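>>> My questions concern the predicted model and sequence given below.
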Amino acid sequence: MDVTFSTTFAKSLRFTQRQPALGLQLELQIGDLTRLDDGRDPFWTSKSQYTDQSAQQLFEDVQQQLIGLQSVIANGDALRVWCSETAEDQLGFMWLCHQLKAVDVAVTQVKVPLDVTCAMPTPSFQQFSGLGEMDPQQILTWQLPETTVTLAERQAFSYAWQSLATENTALRVALNGRPMSVPADFFDAWFLPYVHSEPTVDVAFGQLLEEFPPGMPAWWLQSRLTNLQKS
C-alpha cells in the first residue's frame, strides 16, 4: 500500500498506478500534535474559518484517514511511504513510525526531491513546495530508490516524534534538513511586504503564492495574512 502525507498526491498515485494509495493529510507542522485524538482542539475551529468545512467535519475527515491506516496495518499490508524534505512529510513519517514501532509489517520509504531539472525539450529547473504539486507519472520514471525502514529505525523515529510532541509549539518548519519548532510569527517578516502593498488579503495571498510559496497550507496562510492585516 502506498502512503503519502498529501491527499492530492495520493489521488494522483491511485489514478496513475491503478492501485490503492492512502493519503494522510495531518498537517503536523501546525499546532498541538496531540489534537488527532481531540475534536475540541482549537486547531479544527481555526482551520474551519478558512475552509468550507466545519470543525467537526475536519476532525472526522482525519479520523477516517486514521481508520484507513489502521485497516491497512491490521491486514499486514506492506507499506511504501512517499516523502519529501518538507516539515509536513518529515513529521508525518516520524508520526507513522511511532504508530508502527511495534508492528511486524514491511515498511519502505521513497524520498522525492522537490528541486527538479529537465533537459528536454529545453533545459529547465522547477521547484515544488510539496508532493501535492507534483506529477506521480513523472516521478515514477525517475526510478527513485526504495529503502527499507527497519523496526529498529521506526523505534528511533518514534522517540524523536515523542520529543517533538511534548514541545507543543505553534509551528514547525524544515531547517537544515530537519523539522524544528518555531514561533507562530516565524514567516511574518516575509509576509508583511505583501500585506502592506496589496489592498486585500485575497490579493496579497495570490501574490504570496506566486512569488514565495512557503510550503504551508493555503488556509493557514490566509489566516496569518488576515491577522497581520488587522494588526
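Perfect, I can see it now.
>>> Need the nearest residue in space to the spatially most central residue of the chain, chain neighbours excluded.
The centre of the chain sits closest to Glu88, judged by C-alpha atoms, centre = their mean, with a distance of 3.3 Å. Nearest residue to Glu88 in three dimensions, chain neighbours excluded: Gln29, at 4.9 Å (C-beta to C-beta, 6 or more residues apart in numbering). To be clear about C-beta, it is placed using only N, CA and C from the backbone, and glycine gets the same treatment.
>>> Please determine how far Phe5 is located from Trp82.
Phe5 sits at a distance of 8 Å from Trp82 (criterion: C-beta to C-beta, to the nearest Å).
>>> err, Val195, not the other one
Counting by C-beta to C-beta, the gap from Val195 to Trp82 is 34 Å.
>>> What of Phe186?
Spatial separation of Phe186 from Trp82 under the definition C-beta to C-beta is 26 Å.
>>> more neighbours, the two?
Ranked by neighbour count (other C-beta atoms under 10 Å), Phe186 and Trp82 place Trp82 first, with 25 against 18.
>>> circling back to that earlier point, between Phe5 and Trp82, what contacts are shared?
In terms of C-beta atoms under 8 Å, 6 or more residues apart in numbering, Phe5 and Trp82 are both contacted by the residues Leu131.
>>> what's the spacing between Pro121 and Asp135?
For Pro121, the distance to Asp135 equals 16 Å [C-beta to C-beta].
>>> Pretty sure Gly177 sits against Glu85.
Yes: counting by C-beta atoms under 8 Å, Gly177 does reach Glu85; the two are 6.4 Å apart.
>>> who touches Thr226 in this structure?
Val201.
>>> Could you look up the SS state of it?
The three-state assignment at Thr226 reads helix, by DSSP: H, G, I helix; E, B strand; the rest coil.
>>> Likewise for the one 3 residues further on?
Secondary structure for Gln229, judged by three-state DSSP, is helix.
>>> mind checking which helix or strand the nearest residue to it once chain neighbours are set aside is in?
Taking C-beta to C-beta, 6+ apart, and ignoring the residues beside it in sequence, Gln229 has Val195 as its nearest neighbour in space, at 5.2 Å. Here Val195, judged by DSSP states H and E, is contained in helix 188-197.
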